[in-house]
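1. Have a look at this fold, sequence not included:
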């Protein structure tokens, strides 16, 4: 166990060692501690090289690099204290989802190249760029870690590294360096979009022993499988996977610049945002595998308090005993102070202890920042360290009594009633200490869109063991007929026992307006027809337009039979009736004509339906107006 840190639980184990989740006791910040395995410690060449690289690695402060805080070595152990990345490896992502989109693969490659550039500029190659060493966080950003930590394959003549990602010069000459790192990064790009490395050997009956020679031949001789890669990535893979190191990119910076140009030309200027959204979506689905998702083995609050209370020197114990004796004497005397001079009020010993502890800690911390990495055996000040950054969780607040307050354990966190705009977050803890609430609002277009973060906020909860914090955010109304999904992502520090919580709600846009009816192909004069199918009369038809004339045919005297043919031409009704709207059946006019004459004399059909076309013939038949 590294002094100054408290281990929480083991996170995993691999070919290079075991990794533990731990906290920095001075601030409570989370860190990861990797204990190198015995195979590496017995490798004198590796240990000498790693000791020389450590001072340069400690100085690297790049957002794409997993920070290395300190390296501690004893005769029996070698430990690397580094930044804790709350996410999952790219290997886990590919194992669960198979592959990622080309934009997401390019986003991972860009972060990888930025990390390699920061290390290469200090003269430190990575030597083992693989999906296992790339960590993807909940926001879609990626970090490269484990610089210089590489093991040999258990086979004679094979250099240190991971065979599927080793450059041809590593196989043939054992020569590592920046060109070999760029080759491995191109292999990671190919695997991210295809779900497998560019060269894979089929295992024989001897297993890995027969696979390694086959991989060596493929990396050295087989053509680059560009035909199965997306078109936009082929130029990058052609140069990145070139057999001759001189044909590859001259540096990681040049590789990254070409990546930016090709990605923008193929996928648009916002390719990186879409890629990171896809990575964030894939990583969030695995949020329960994040290092801070489980805190089952977290020490109890009482144990935490015992560790934080410093040991008091003997003189303070004597002073404390004196104060206690004085208080007992006051209580026995009924609360009255003795008369006369000599009464002294002493400050609580805890306050003195805290002041002394701070005075002793500050010089020690300042000196540890400037030390150089050395092997440590006993005193904590003998190691080379870069303490975890102050941006980590701040020191716990100290009340006036002088006793440090422990972080509570978050039993659960949940999202209640999220409807896409409002809701609440329920948090349950086992103590009243501070809990940091990290809230992210997301939007996803349609059923197949990728979620994107549109707003983030942080809240601090304290003073209770049960909280209900209201949240609200108006993402805007979708367009008519469209649907978006408004999401809420909630995480806590310390991490809740049930991990990050995600909730989404569908938000529908308003109904689109009904389009105007399509006009029929009939002439423009037809829509003005009346309900009975008769066209609206023109001004020339006004003398016969009023229909009431036909409503009282019984009161009119019958016209002479000789005038009937002149008043109503027999061919007019068939010509006028077909001009009615299409919705009126052609059989309707005969039906109406046959129904009306119930009270009409049988000898005068011309009086049943006044026809506008008969207007010019009115002088020949003046009897109907005179009869009225």
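-> Yep, it's here. Computed from a predicted structure; not experimentally measured.
2. backbone phi and psi for residue 146, please?
-> phi 60, psi 50 (degrees, to the nearest 10).
3. What is the burial count for it?
-> Using other C-beta atoms under 10 Å, residue 146 has 24 other residues around it. No exception for glycine: its C-beta is placed from N, CA and C like everyone else's.
4. got it, and residue 509?
-> 13.
5. Could you give the backbone dihedrals for it?
-> Residue torsions, per degrees, to the nearest 10, at residue 509 are phi -80, psi 170.
6. who's in contact with it?
-> By C-beta atoms under 8 Å, 6 or more residues apart in numbering, the contact list for residue 509 reads 477-483.
7. what do you get for residue 36?
-> Residue 36 touches 16-17, 78-80, 149, counting by C-beta under 8 Å, 6+ apart.
8. Out of the contacts of residue 509, who's the most crowded?
-> residue 478 leads the contacts of residue 509 on contacts (other C-beta under 10 Å) with 18 neighbours.
9. Could you dump the contacts of residue 36 into JSON lines and include pLDDT?
-> Converted to JSON lines, the contacts of residue 36 look like this (pLDDT from 0 to 100):
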{"residue": "16", "pLDDT": "87"}
{"residue": "17", "pLDDT": "90"}
{"residue": "78", "pLDDT": "92"}
{"residue": "79", "pLDDT": "93"}
{"residue": "80", "pLDDT": "94"}
{"residue": "149", "pLDDT": "88"}
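10. between these, which has the most around it?
-> Ranking those using other C-beta under 10 Å puts residue 80 first, with 27 neighbours.
11. Which of the contacts of residue 36 sits closest to residue 112?
-> residue 149 (16.2 Å; C-beta to C-beta).
12. separation between the residue lying closest to that closest one once chain neighbours are set aside and residue 142?
-> Nearest in space to residue 149, with sequence neighbours left out and distances taken as C-beta to C-beta, 6 or more residues apart in numbering, is residue 16 at 4.9 Å. According to C-beta to C-beta, to the nearest Å, residue 16 and residue 142 sit 20 Å apart.
13. Same question for residue 506.
-> 31 Å.
14. who's more crowded, the two?
-> Between residue 506 and residue 142, counted using other C-beta under 10 Å, residue 142 has the larger neighbour count: 26 against 13.
15. Which residues are in contact with the more buried one?
-> 64, 90, 107-108, 111-112, 134-136, 279.
16. quick one, what contacts the residue nearest to residue 149?
-> By C-beta under 8 Å, 6+ apart, the contact list for residue 16 reads 34, 36-37, 40, 146, 149-151.
17. Low-confidence regions, the protein specifically.
-> 153-157, 202-210, 294-318, 331-406, 448-449, 517-628 (pLDDT under 70).
18. how's it carved up into domains?
-> 5-85, 87-292, 410-508 (automatic domain parsing).
19. closest one to residue 321 among the ones you listed?
-> Of all these, domain 5-85 sits nearest to residue 321, with 28.9 Å by C-beta to C-beta.
20. Can you give me the end-to-end span of that closest one?
-> 17 Å (C-alpha to C-alpha, to the nearest Å).
21. Please apply the same query to stretch 174-181.
-> Stretch 174-181 has an end-to-end distance of 13 Å (C-alpha to C-alpha).
22. And the contacts of that stretch?
-> Applying C-beta under 8 Å, 6+ apart, the set of residues contacting stretch 174-181 is 116, 120, 125-127, 129, 159-161, 166-167, 169-170, 245, 248, 251-252.
23. can you pull the buried residues of that stretch?
-> In terms of neighbour count (16 or more other C-beta atoms under 10 Å), stretch 174-181 has its buried residues at 176, 178-181.
24. ok, back up a step: of all the contacts of residue 16, which comes closest to residue 462?
-> residue 34 (33.6 Å).
25. Which strand or helix spans that closest one?
-> If you go by DSSP states H and E, residue 34 is part of strand 30-36.
26. what lines up beside that strand in the sheet?
-> Strand pairing for strand 30-36, determined by DSSP bridges: strand 17-24 (antiparallel), strand 78-83 (antiparallel).
27. that older thread, please tell me how far the residue nearest to residue 149 sits from residue 46.
-> Residue 16 is 10 Å from residue 46, where distance means C-beta to C-beta.
28. just residue 256 next, same as before
-> Distance from residue 256 to residue 46, by C-beta to C-beta: 29 Å.
29. Over to residue 507?
-> 56 Å.
30. Please apply the same query to residue 488.
-> The value you get for residue 488 to residue 46, if C-beta to C-beta is used, is 47 Å.
31. Residue 213 too?
-> For residue 213, the distance to residue 46 equals 24 Å [C-beta to C-beta].
32. Looking at those two now, which is surrounded by more residues?
-> residue 46 (20 against 15).
33. Tell me the spacing between that one and residue 178.
-> 19 Å.
34. likewise residue 467?
-> Distance from residue 467 to residue 178, by C-beta to C-beta: 51 Å.
35. Also residue 268?
-> 31 Å.
36. Across the sheet, point out what pairs with residue 83.
-> residue 31.
37. what about residue 60, neighbour count?
-> 18.
38. With adjacent residues omitted, what lies nearest to it?
-> Distance criterion C-beta to C-beta, 6+ apart; nearest residue to residue 60, sequence neighbours excluded, is residue 118 at 5.4 Å.
39. So the one you found, which state does it fall into?
-> helix (DSSP: H, G, I helix; E, B strand; the rest coil).
40. just residue 329 next, same as before
-> helix.
41. count of residues packed around it?
-> 11.
42. before we move on, what about residue 195?
-> 13.
43. phi, psi of it?
-> Torsion angles, degrees, to the nearest 10, at residue 195: phi 80, psi 0.
44. you'd agree residue 40 is up against residue 146?
-> No - Residue 40 is beyond contact range of residue 146, at 11.6 Å (criterion: C-beta atoms under 8 Å).
45. rewinding a little: pick the one among the contacts of residue 16 closest to residue 496.
-> Nearest to residue 496 among these, with distances taken as C-beta to C-beta, is residue 34, at 25.8 Å.
46. Residue 187 is in contact with residue 218, correct?
-> No - Residue 218 is beyond contact range of residue 187, at 11.6 Å (criterion: C-beta under 8 Å).
47. Please say which of those two ends up with more neighbours.
-> residue 187 (25 against 19).
48. which residues are in contact with the strand or helix carrying residue 506?
-> Using DSSP H and E, residue 506 sits within strand 501-508. Contact with strand 501-508 is made by 284, 287, 413-415, 418-421, 423, 425, 442, 444, 475, 477-478, 482-491, as judged by C-beta under 8 Å, 6+ apart.
49. Give me the buried subset of those.
-> Buried, going by 16+ other C-beta under 10 Å: 284, 287, 413, 415, 418, 420, 423, 425, 442, 444, 475, 478, 484-491, out of the contacts of strand 501-508.
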